[in-house]
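In: I would like the atomic coordinates for the input below:
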Amino acid sequence: MQELNYWEPGNLLEAVSLLSNLGEKGRPLAGGTDLLVKMKQGPANWNGIVNLKGLTELKGIAFDGQTITIGALTRVSDMMADSWVGLHFPILVEAARSLGTPQIRNIATIGGNLCNASPAADVALVFLIYEARLHIMGPKGARKVPVQEFYTGPGQTVLEPGEILTAVEMDVPPLNSKGVFVKHGKRKSHEIALVNVAVLITPQPGTKLIARARIAVGAVASTQLRLREAEESLSQTVVTADVLERAAELAEAAVNPIDDVRSTAAYRRQMVRVLTKRALQKAWGGER
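Out: Numbering: from 1, shown residues only. Now for the predicted structure:
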């Protein structure tokens, strides 16, 4: 491992100042489950680590009855154990269960999972269908960014030098909404997704219509995607096998996977169609 400078700031503003001064030469450390792996892979173009673990203001979960706010340094295991998250955002917990091992989930943080910006991330994918808003603090002050605008490429985000993700904010979806998370990999556990899909369906009360649908897919493009055309094809429609198949076909057409050592692009496209239809069928749950 290369030689590194190391800091432990006492508060958020100090952390912002340190990272701002380091620029591209510095990296924030949260859980470290991704950063430490990258460090061991070989020399990087950065030489400074700013450890954020002591910033208690970035930890914890708050709920005001309509909006939940999760601190960026909240551990994945703590989020999974929170009763409000489990009640109102159950597929966030479901996706979190597929993140590594219990040991990893006890270290990994929500902010780290987002900022790693992996197109195959499981927890980050679910934030897309819940339309999360990300709180960011930097040298120019605070700002909020919709999660769908946060990623710019594999491992890349809109964070500017000195900026830190501080929290994730989500509104509770309608009570009759049903979400489903589906992950496909070569193994049943401890696996990076070949394809993952998250859907959220809100039925029109008292009818067989879908009032609104949200669909997100991962590991099939340079960033995780919301599939707007497929979503719109379901809006205000009566659910039939043909309707769901059409949405799945639109999902398949919207993705742009690559061939790599883990899968071919053609296989990933096919699985997007299969998994999207499967997730929609499960979310709808038949007659209503």
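
In: Nearest the geometric middle of the chain, what residue?
Out: Closest residue to the average C-alpha location of the chain: Ala124 at 0.7 Å, with CA atoms, centre = their mean.

In: Go through the helix or strand hosting that one and flag the buried ones.
Out: Taking DSSP states H and E as the criterion, Ala124 maps to helix 123-129. Neighbour counts over helix 123-129 (16 or more other CB atoms under 10 Å) mark Val123, Ala124, Leu125, Val126, Phe127, Leu128, Ile129 as buried. Where C-beta positions appear, they are placed from N, C-alpha and C, glycine not excepted.

In: Give me the pLDDT for the fifth one.
Out: Right, Phe127. Predicted confidence (pLDDT) for Phe127: 97.

In: ok, it to Gly141 distance?
Out: 23 Å (CB to CB, to the nearest Å).

In: do the same with the second one
Out: Separation of Ala124 from Gly141 (CB to CB): 25 Å.

In: helices or strands up against the biggest helix by length in the chain?
Out: The longest helix of the chain (DSSP state H) is helix 265-284. Packing partners of helix 265-284 (3 or more CB pairs under 8 Å, 6 or more residues apart in numbering; DSSP states H and E): strand 178-184, strand 195-203, strand 209-218, helix 241-254.

In: Can you tell me what sits against that helix?
Out: 178-182, 184, 194-201, 203, 210, 213, 215, 217, 219-220, 227, 230, 234, 239, 244-245, 247-249, 251-252, 255, 257-259 (CB atoms under 8 Å, 6 or more residues apart in numbering).

In: Which among the helices and strands packed on helix 265-284 is found nearest to Gln66?
Out: strand 195-203 (15.9 Å; CB to CB).

In: follow-up on the earlier one: list the helices and strands the helix holding Ala124 packs on?
Out: Under the contact criterion of 3+ CB pairs under 8 Å, 6+ apart, helix 123-129 touches helix 90-97, helix 110-115, strand 178-184, strand 195-203, strand 209-218.

In: how about that helix as CSV, C-alpha atoms only?
Out: Output of helix 123-129 as CSV, limited to C-alpha atoms (Å, rounded to 0.1, in the frame of the first residue of the first chain):
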residue,chain,number,x,y,z
VAL,A,123,-29.2,-0.4,-1.9
ALA,A,124,-28.6,2.6,-4.1
LEU,A,125,-30.9,1.2,-6.7
VAL,A,126,-33.9,1.2,-4.4
PHE,A,127,-33.3,4.9,-3.5
LEU,A,128,-34.1,5.6,-7.2
ILE,A,129,-37.7,4.2,-7.0
